[in-house]
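In: Quick one, structure for this:
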Amino acid sequence: MHSAVFKNKNRCKWIFVFLLLFLCACSVKKNYKVLSVFFDGVPNPEEKKKTAVAKAENGTPINSTGKTGRPEVKEVIRSSHPDFAERECKECHNIARANLLKGKGRLLCFSCHDKSEFGGVYVHGPIAGGGCSTCHLPHESKYESLLKNTGDQMCLDCHTPGDLTKIEPHEEKEGRTCVQCHLPHTAGNRFFLKEQSE
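Out: This is a model prediction of the structure:
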């Protein structure tokens with residue numbers, strides 16, 4: 001008889017554990033009342049909603065996660081690599097080999113882009129060194145031509161503004177951009193000028 005009582009207590013204990021595990025796996029939103037009987041500190045989903053509505057009415061921005069703070073802003077994509085936009089990943093990535101790139105640096109770029117367009121008398125340092133990714137992103141960008149930054153700011157990531165203002169044509173640059181006078185990749189003139197300087 002003592003053994004039967006022990007078995008029943010043991011069975012009840014396992015049923016209770018199973019019930020608790022089942023309740024833990026359930027959604028708090030659906031089972032708040034039941035869960036709050038067994039556990040302290042279960043967050044009331046209705047209170048969360050009321051707090052969020054009150055904060056929104058007070059002018060505190062709420063982002064899509066329901067948290068207060070700066071509202072989420074989705075980046076505007078201005079340029080996309082055509083293969084990426086069309087989900088043709090296999091054009092650059094070896095799908096069979098853990099999505100590794102099919103080539104290194106500019107060799108991969110030149111599998112589509114015409115190499116002759118990047119071989120002039122003067123070649124910009126990143127291009128000569130095979131570093132297209134110094135200035136360009138491979139998939140998409142919020143800037144034109146898959147640039148990592150705005151045109152002029154992209155140039156100023158490497159070229160020091162203080163040094164440039166010492167060069168006479170750069171003294172009064174107001175309203176002009178770098179690419180109005182300079183080519184970004186290769187050129188037939190020194191300093192990548194579009195026209196020969198006098």
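
In: Select the helix or strand of this protein having the lowest average pLDDT value.
Out: Using mean pLDDT, DSSP states H and E, helix 45-57 stands out as the lowest-scoring helix or strand of the chain, at a mean of 59.

In: what element comes up after that helix heading to the C-terminus?
Out: Next helix or strand after helix 45-57 toward the C-terminus (DSSP states H and E): strand 79-80.

In: Pull the residues that contact that next one.
Out: 139-141, 143-147 (Cβ atoms under 8 Å, 6 or more residues apart in numbering). No exception for glycine: its C-beta is placed from N, CA and C like everyone else's.

In: May I have whichever helix or strand comes after that strand exported as PDB, CA atoms only?
Out: Remark: after strand 79-80, the chain's next helix or strand is helix 82-85, criterion DSSP H and E. Extracted in PDB, the C-alpha atoms of helix 82-85 (Å, rounded to 0.1, in the frame of the first residue of the first chain):
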ATOM      1  CA  PRO A  82      21.400  43.900 -61.500                       C
ATOM      2  CA  ASP A  83      22.200  40.300 -60.600                       C
ATOM      3  CA  PHE A  84      21.400  41.000 -57.000                       C
ATOM      4  CA  ALA A  85      18.100  42.700 -57.800                       C
END
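
In: quick one: strands adjacent to the very next helix or strand once past helix 82-85?
Out: The first helix or strand that comes after helix 82-85 along the chain, using DSSP H and E, is strand 93-94. When pairs are called by DSSP bridges, strand 93-94 turns out to pair with strand 100-101 (antiparallel).

In: Give me the contact list for the strand it pairs with.
Out: 92-94, 108.

In: Neighbour count for these - can I get that in TSV?
Out: As requested, these are exported to TSV (neighbours: other Cβ atoms under 10 Å):
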residue	neighbour count
92	19
93	16
94	13
108	19
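
In: which one among those residues gets closest to residue 115?
Out: residue 108 (12.0 Å; Cβ to Cβ).

In: Three-state assignment for that closest one, please.
Out: Counting by DSSP: H, G, I helix; E, B strand; the rest coil, the backbone at residue 108 sits in helix.

In: That one and residue 102: what is the separation?
Out: Look at residue 108 and residue 102: by Cβ to Cβ, to the nearest Å, they are 6 Å apart.

In: Out of the contacts of strand 79-80, which end up buried?
Out: 141, 143, 146-147 (16 or more other Cβ atoms under 10 Å).

In: For the protein, which segments are assigned as strands?
Out: 79-80, 93-94, 100-101, 122-123, 140-141, 186-187 (DSSP state E).

In: Give me the domain ranges for this structure.
Out: Domain assignment of the chain by automatic domain parsing yields the ranges 2-42, 79-192.

In: what would these look like in JSON lines with mean pLDDT?
Out: Shown next, in JSON lines, are the domains of the chain (pLDDT from 0 to 100):
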{"stretch": "domain 2-42", "mean pLDDT": "63"}
{"stretch": "domain 79-192", "mean pLDDT": "85"}
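
In: Mean neighbour count, these: which tops it?
Out: Greatest average neighbour count among the domains of the chain goes to domain 79-192 (a mean of 13), per mean count of other Cβ atoms under 10 Å.
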